[in-house]
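# how would this look folded up:
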Amino acid sequence: MGTHTSSGAAAVVLAAGTGSRMGTDGNKAYLPIAGLGMVSWTLEAVRAVPEFTRTLLVTRIVDLSNAAKILDREVPDLDVEVIEGGASRHESEYNALQHLAPAIEAGTIDVVVIHDAARPLAGAEMMRMAVSTARRFGGAVPALAVDDVVTIHPDGNVTDPGFADRLVRVQTPQAFHAKPLLEAYRAAELAGFEGTDTSASVERFTDLRVRIFPGDERNIKVTYAHDLFLAERLLTEQLR
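Numbers count the residues shown, from 1 in each chain. Below you'll find the model as predicted:
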């Protein structure tokens with residue numbers, strides 16, 4: 001683990017899922033896609049952002065050996081701290097925050113960015129936007145407007161929802177001031193609360209302002225087999 005004297009951001013990459021909906025036996029985060037393991041595309045984006053001074057990869061204990069091989073082969077010059085994940089996304093995030101706690105409490109980590117390894121197309125620019133927006137406002141979540149929804153009234157009438165009722169689709173990376181984020185997860189642990197994503201715990205246990213910034217339609221989450229083919233095509237086009 002490196003020692004850092006100035007305040008920086010930490011990137012936490014979540015890769016502790018099973019990939020069961022992909023129909024694969026192993027962890028989808030390490031499947032090859034456009035010439036690299038899926039997780040390596042995110043790590044390449046992290047490497048391109050100088051604000052990141054710590055990088056954590058959260059994975060299952062059974063994947064530690066595979067993760068080490070991919071890191072050594074594909075991102076050998078990036079210092080990645082590999083830690084064990086939990087039984088849920090929330091537990092994996094809390095494990096990462098506990099690992100970072102000494103640096104957060106010392107003030108050497110001011111922002112923590114949480115990103116799904118299953119979103120290999122986020123890119124460096126979105127990572128930078130997450131960090132800068134969180135530093136300014138406290139929290140940052142990329143989102144896309146959902147335009148193909150309607151409101152169904154009790155009388156059965158259907159109307160287009162007003163602006164105040166607009167729904168959004170959130171993505172990752174999500175970024176937050178580090179100390180309140182750590183405190184939120186400690187409070188969630190005491191309350192027995194598990195959020196569906198990082199912002200859920202932040203909104204419940206802190207006063208942080210969570211600011212939405214523009215997401216990207218290309219920033220798909222690879223969940224099913226057909227998503228893998230789409231991501232492969234998009235990444236190949238990006239390389240060209």
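# Next up, the contacts around the residue nearest to the spatial centre of the chain.
The centre of the chain sits closest to His115, judged by Cα atoms, centre = their mean, with a distance of 1.3 Å. Residues counted as contacts of His115 (Cβ atoms under 8 Å, 6 or more residues apart in numbering) are 11-14, 42, 122, 127, 172-174. Bear in mind the C-beta positions are built from the backbone N, C-alpha and C, glycine included.
# packing partners for the lengthiest helix in the chain?
In the chain, with assignment by DSSP state H, the single longest helix is helix 89-106. On a contact count with 3 or more Cβ pairs under 8 Å, 6 or more residues apart in numbering; DSSP states H and E, helix 89-106 meets strand 8-15, strand 52-59, strand 81-84, strand 109-116, helix 178-191.
# Among those, which comes closest to Leu235?
Leu235 lies closest, by Cβ to Cβ, to one member of the helices and strands packed on helix 89-106: strand 109-116, at 15.7 Å.
# got the CA coordinates for that closest one in CSV?
Only the C-alpha atoms of strand 109-116 are listed here, as CSV (Å, rounded to 0.1, in the frame of the first residue of the first chain):
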residue,chain,number,x,y,z
ILE,A,109,-8.6,10.8,0.9
ASP,A,110,-11.2,13.4,0.4
VAL,A,111,-13.5,11.8,-2.2
VAL,A,112,-14.4,8.1,-2.8
VAL,A,113,-15.7,7.0,-6.2
ILE,A,114,-17.6,3.8,-6.4
HIS,A,115,-17.9,2.1,-9.8
ASP,A,116,-19.2,-1.2,-11.2
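# For that strand, which strands pair with it and how are they oriented?
Sheet pairing for strand 109-116, assigned by DSSP bridges, gives strand 8-15 (parallel), strand 174-177 (antiparallel).
# Out of the ones you listed, which is closest to Val146?
strand 174-177 (17.9 Å).
# any idea how far that closest one is from the chain center?
10 Å (Cα atoms, centre = their mean, to the nearest Å).
# Nearest residue to Ser88 in space, please, no chain neighbours.
Nearest residue to Ser88, sequence neighbours excluded (Cβ to Cβ, 6 or more residues apart in numbering): Glu194, at 6.1 Å.
# if I've got this straight, that neighbour is in a helix?
No. Under DSSP: H, G, I helix; E, B strand; the rest coil, Glu194 falls outside any helix and is assigned coil.
# these two touch, right, it and Arg204?
No. With contact defined as Cβ atoms under 8 Å, Glu194 does not reach Arg204; the gap is 10.7 Å.
# what is in contact with the two at once?
Here Glu194 and Arg204 share the contacting residues Ala188, scored by Cβ under 8 Å, 6+ apart.
# So for the two, which sits in the more crowded spot?
Glu194 (16 against 13; other Cβ atoms under 10 Å).
# so who does Val12 touch?
Residues near Val12 by Cβ under 8 Å, 6+ apart: 56, 58, 93, 96, 100, 112-115.
# Same question for Arg54.
Applying Cβ under 8 Å, 6+ apart to Arg54 gives the contacts 2, 4, 8-11, 81, 100, 103, 109.
# Would you mind checking those residues for buried ones?
Taking 16 or more other Cβ atoms under 10 Å as the criterion, what is buried in those is 8-11, 81, 100, 103, 109.
# of all those residues, which comes closest to Leu230?
Closest to Leu230, out of all of the buried ones among the contacts of Arg54 and judged by Cβ to Cβ, is Ala11, at 24.4 Å.
# what about the chain, any weak spots by pLDDT?
Scanning the chain for pLDDT under 70 picks out 1-5, 18-25, 147-166.
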